[in-house]
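Show me the folded form of this:
(one chain, ligands or ions: 1)
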Amino acid sequence: MKPRAPKGTADMLPDVARAWEYVERIAQELFSRYGYEPVYTPLFEHTEVFTRGIGEATDIVSKEMYTFEDRAERSLTLRPEGTAPVVRAALEHGLVPQGAFVKLYYAGPMFRYERPQKGRMRQFWQIGAELLGAAEPSADAEMILLLWRFFEAVGLPDERMRLLVNSMGDETCRPAYRDSVRAFILERTDDLCEECVRRADTNPLRAFDCKNPGCETVMDGAPRIVDALCEPCAAHYATVKRLLDDAGLEYEEDCRLVRGLDYYTRTVFEVQADGLGAQNGIGGGGRYDRLMEEYGGPPTPGLGFALGFERTLLAMEAAGVAIESHPLADVYVAAVDDTVRDDVFLICEEFRGGGIAAEADHQSRSLKAQFKQAGRLKASFVVVVGPDELAAGEATVRDMATKVETRIARADVVSEVDALMRESRTLDDADAVGGTDDGVDEGSDAGALGGIDGEV
Ligand code: HAM
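A predicted model of the protein is given here:
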């Protein structure tokens, strides 16, 4: 039997890997405009980083972690998310100076033993941002805007996304609220599923997340957190919403939005996208003002979000946003016959040294087959090298778009082709200004959002 990738995992083949690099680059550029710096934590942590951070009663910790013992019998866990590790690292290295804040972002794979389906994987890729040390509601509003701006920057139209916000309260108001939800559930055990009833004691707020239609109807009548917030939490929430209003960002208040991690306090939010079915949450996050203390650190407010790469890509696909593939070669160097193969090899290397992506044949193919290959690679120019040209100290360059052929000096082949490439780009730009432009800079990263080519 041929080996296959484990269930719930996927190889990132070149098309998808390029899409990952593309969205990661957009995140890097955008996040750095908001003052974020990169951080990379290990793919596995001591298990207690997650049990203490995310909470024993959550689905993630109780059912979904990849936990194993290493050879020294330490319990380790593949990270199911990035917030707990970043907070652990910030505490370990004293990254949050007293009275200041730090902004960190990360990108990489996460692991959860979930039932795989469209948009739900066991190894999936996230990009996340965490802001540690900031308590003010302006930080919440900025965080939410950053997530929204990211999805806009990858090309998702606003009308295909929804922003949900809620406040989870804090240690002052949430315990009493949780008790009221527990009591509400226990009075309706006949109308709720076993799982909701079972969780009444451990994590009653999860009942809001139950997808069972009967439970949804019952929970619609449950006490609402917004009515139970203490005065400081209510004021914080009101300011967050006012700032979002001021920034012109539309949102829906969803008092059922509880999210699956126990560390949240106050603001929580989620962005959902059209066309994804059940797994429509493309990104989400919230505030976690007690998490650092959970690890024995000083009181340090914090907040952040993570977005799922696979779901973002599915949302882009559903919205008809595609990532244009860059040509694998700008120049193809073709050999007329076998006597010039060594020269072709060297000319190709000269192009690469000169900063131009170049490709040549490695299979002794005919000239015709080499031209076909140049077409497949979307090369703009083919440099044809033959014994006669070489003897004359020359080579022929063919512009693949215009079919115009030019003789150039062998010694200047790189600079001559470079000049031709620049010239043709200038002409393309002039054409684009003439009306076919989609408003995106040619050659810039944003330019990769041209049309629909089904790349993703
Ligand atoms: P989360 O909501 O569990 O939050 O995950 C964030 C995003 O990761 C989701 O919106 C979804 O797009 C994606 N995602 C989650 N699970 C899967 C899966 N099994 N397969 C594919 N995609 C998935 C967190 O992880 C928090 N750490 C976010 C946060 C950061 N809160 C504060 N700071």
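
residue contacts, the closest residue to the ligand within the stretch 201-350 of the chain?
Distances between the stretch 201-350 of the chain and the ligand by CB to the nearest ligand atom are smallest at Gly308, namely 2.3 Å. Placement of C-beta: from N, CA and C, glycine included. Contact partners of Gly308, counting by CB atoms under 8 Å, 6 or more residues apart in numbering, are 119, 124-126, 281-283.

The same query, at a cut-off of 7 Å, please.
By CB atoms under 7 Å, 6 or more residues apart in numbering, the contact set of Gly308 is 124, 126, 282-283.

ok, now Leu244?
For Leu244, the contact set (CB under 7 Å, 6+ apart) comprises 141, 144, 251.

Closest one of these to Arg160?
Relative to Arg160, the closest of the contacts of Leu244 is Tyr251; by CB to CB it sits at 15.3 Å.

Pull the contacting residues for the residue nearest the centre of the chain.
Closest residue to the average C-alpha location of the chain: Phe309 at 3.9 Å, with CA atoms, centre = their mean. Phe309 makes contacts with 20, 23, 125-127, as judged by CB under 7 Å, 6+ apart.

Any chance of those in TSV with pLDDT as columns?
Rendered in TSV, the data for the contacts of Phe309 read as follows (pLDDT from 0 to 100):
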residue	pLDDT
Trp20	96
Val23	97
Trp125	98
Gln126	98
Ile127	98
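
who wins for most neighbours among those residues?
For the contacts of Phe309, the largest neighbour count, defined by other CB atoms under 10 Å, is 25 neighbours, found at Ile127.

how close does that residue sit to the ligand?
When distance is defined by CB to the nearest ligand atom, to the nearest Å, Ile127 is 9 Å away from the ligand.

how about the residues of the stretch 251-400 of the chain that lie near the ligand?
260-261, 281-286, 304-308, 310-311 (CB under 6 Å from any ligand atom).

Okay, and which of the residues you listed map to helices?
310-311 (DSSP state H).

quick one on the thing from earlier: tell me which of the contacts of Leu244 is nearest to Gln370?
Nearest to Gln370 out of the contacts of Leu244 is Ile144 (CB to CB; 53.1 Å).

domain parsing for this structure?
Split into domains by automatic domain parsing, the chain comes to 14-173+229-318, 331-432.

Let me know which of those domains is tucked in deepest.
domain 14-173+229-318 (a mean of 19; mean count of other CB atoms under 10 Å).

Now the terminal residues of that one, how far apart.
In domain 14-173+229-318, first residue to last residue: 20 Å (CA to CA, to the nearest Å).

now stretch 55-70
Start-to-end, stretch 55-70 (CA to CA) is 23 Å.

Surely Ala89 touches Tyr40?
No. Using CB atoms under 7 Å, Ala89 is not in contact with Tyr40; the gap is 9.3 Å.

Could you tell me which of the contacts of Phe309 belong to strands?
125-127 (DSSP state E).

ok, of the contacts of Gly308, which one's closest to Ala238?
Gly283 (23.7 Å).

which residues does Ile225 contact?
By CB under 7 Å, 6+ apart, the contact set of Ile225 is 166-169, 177, 255.

What segments of the stretch 51-200 of the chain are strands?
67-69, 75-78, 102-111, 123-132, 161-167 (DSSP state E, counting those that start in this stretch).

sorry, back to before: quick one: which of the contacts of Phe309 is nearest Glu73?
Minimum distance to Glu73 across the contacts of Phe309 is 29.7 Å, recorded for Gln126 (CB to CB).

ok, the closest one touching Pro80?
No. The pair Gln126 / Pro80 is not scored as a contact, 10.1 Å apart, by CB under 7 Å.

shared neighbours, the two?
By CB under 7 Å, 6+ apart, Gln126 and Pro80 have these common neighbours: Met110.

give me the element the closest residue to Ala141 other than its chain neighbours is part of.
Spatial nearest neighbour of Ala141, excluding adjacent residues (CB to CB, 6 or more residues apart in numbering): Leu243 at 3.6 Å. Using DSSP states H and E, Leu243 maps to helix 231-246.

tell me the mean pLDDT for that helix?
Confidence over helix 231-246 (mean pLDDT, whole number) is 98.

Which strands border the helix or strand that that helix is followed by, and is each parallel or antiparallel?
Later in the chain than helix 231-246, the nearest helix or strand by DSSP H and E is strand 252-253. Strand pairing for strand 252-253, using DSSP bridges, gives strand 161-167 (parallel).

so where is this protein shaky, pLDDT-wise?
Filtered on pLDDT under 70, the chain yields the residue ranges 432-456.

can you do 50?
Residues of the chain that meet the criterion pLDDT under 50 lie in 435-456.

Now do the helices in the stretch 301-450 of the chain.
Ranges of helices in the stretch 301-450 of the chain, per DSSP state H, counting those that start in this stretch, are 309-318, 341-353, 367-376, 387-391, 413-431.

And these: which comes nearest Asp158?
helix 309-318 (12.5 Å).

State the three-state secondary structure for Ser32.
helix (DSSP: H, G, I helix; E, B strand; the rest coil).

Tyr105 versus that one, what's the distance?
To Tyr105, Ser32 is 9 Å away according to CB to CB, to the nearest Å.

Then Gly133?
In this structure, Gly133 and Tyr105 are 15 Å apart, going by CB to CB.

can you check Asp191 too?
Counting by CB to CB, the gap from Asp191 to Tyr105 is 44 Å.

just Ile323 next, same as before
Separation of Ile323 from Tyr105 (CB to CB): 21 Å.

what bridges to whichever residue of the stretch 101-250 of the chain sits closest to the ligand?
Closest residue of the stretch 101-250 of the chain to the ligand, CB to the nearest ligand atom: Phe124 (3.4 Å). Phe124 forms beta bridges with Met110, as assigned by DSSP bridges.

what's in contact with stretch 84-94?
Taking contacts as CB under 7 Å, 6+ apart, the residues outside stretch 84-94 that touch it are 39, 41, 45, 49-50, 53-54, 79, 96, 102, 104, 106, 130, 132, 291-292, 295, 297, 302.

ok, now stretch 419-428?
Contacts with stretch 419-428, where a contact means CB under 7 Å, 6+ apart, come from 330, 380-381, 397, 399, 401, 442.
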